[in-house]
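Visitor: heads up, no residue letters with this:
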């Protein structure tokens, strides 16, 4: 299981940026930050990525269950 959850980090960044918008008509955001947010949004909206994430999650849970089962007396 990865230590760093990229999706959670990007979500946190998006929430912080959204909270800082206030009532301003225009906001300046760094190109790298905008690219990161857009790339993650596109990745999450791509069906193939969702299937791959789902498959990886299922394998991870199955692996954990197998590990617990092997420890039972």
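Guide: The structure has been received and is ready for your questions. Everything quoted here is computed from the prediction, not taken from an experiment.

Visitor: okay, and for the protein, where does confidence drop off?
Guide: 1-3, 49-57, 61-62, 64-73 (pLDDT under 70).

Visitor: all helices of it, in order?
Guide: 6-19, 31-45, 47-71 (DSSP state H).

Visitor: List the buried residues of the shortest one.
Guide: Read it as helix 6-19. Along helix 6-19, these residues count as buried under the neighbour rule (16 or more other C-beta atoms under 10 Å): residue 10. (Glycine included, C-beta is placed from N, CA and C.)

Visitor: which residues are in contact with it?
Guide: Under the contact criterion C-beta atoms under 8 Å, 6 or more residues apart in numbering, helix 6-19 has outside partners 29, 33, 36, 37, 40, 44.

Visitor: Save the residues you listed as CSV, and put in distance to residue 14 too.
Guide: As requested, those are arranged in CSV below (distance: C-beta to C-beta, whole Å):
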residue, distance to residue 14
29, 11
33, 10
36, 9
37, 6
40, 8
44, 11
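
Visitor: List only those of those flagged as buried.
Guide: By the neighbour-count criterion of 16+ other C-beta under 10 Å, the contacts of helix 6-19 include these buried positions: 36, 37, 40.
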